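In: Here is the input, now give the coordinates:
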Amino acid sequence: MGVDLQNADARKNYLSEKLDDLMDGINDSYGTVLMDELISQLERTVSKFNDEVQILMGQLKDNSDRRDGLLEKIKTGVVEEAAHDTPESISDKKEMSAWELKLEEMEKK
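Out: Sure thing, here's the model as predicted:
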C-alpha cells in the first residue's frame, strides 16, 4: 500500500484513517474533537518543519555561493600574483635567507 506523502490531501486522509483506528475505543463526543485537534497540531508541525527546511536550504545555498565566489577570487588572485612574478623576482626570493623573508613579511604587516 503506497501513500503519496507529497500530496497534502493524501497525507491528511492517511493520518485521519490511522487516527480513526486508534480512537475506536474513545467516546464519540471526545473522539472527533480530539482527532481534529491532533490533525491541526500535526499540520502545524509539518508546516513549521517545511518552513525550517526551506530556510536551512536557502542558507546552505548562500554559503555554497559564497564559497564558490571566494574560491574564484583565490584562483584569480593566484593567477594575478603569478603574472606579476618575473624570473628575476623569483630568483631574488630564492636567494633571500629565511631571516630576510621573515623581515619582509613583518614589514608587509
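
In: C-alpha from now on. contacts and neighbour counts both.
Out: Will do.

In: hey, where'd the strands end up in the protein?
Out: Assigned by DSSP state E, the chain shows no strands.

In: check contacts around residue 4.
Out: 10, 11 (C-alpha atoms under 8 Å, 6 or more residues apart in numbering).

In: Okay, it and residue 47: tell me how far apart.
Out: Residue 4 sits 17 Å away from residue 47, taking C-alpha to C-alpha, to the nearest Å as the criterion.

In: which one's the longest helix in the protein?
Out: Ordering each helix of the chain by length in residues (DSSP state H) puts helix 28-84 first.

In: Can you name every helix or strand that that helix contacts?
Out: Here helix 28-84 touches helix 8-22, going by 3 or more C-alpha pairs under 8 Å, 6 or more residues apart in numbering; DSSP states H and E.

In: what angle do the helix it packs on and helix 28-84 make?
Out: Calculated by axes from the mean of the first three to the mean of the last three C-alpha atoms, to 10 degrees, helix 8-22 forms an angle of 140 degrees with helix 28-84.
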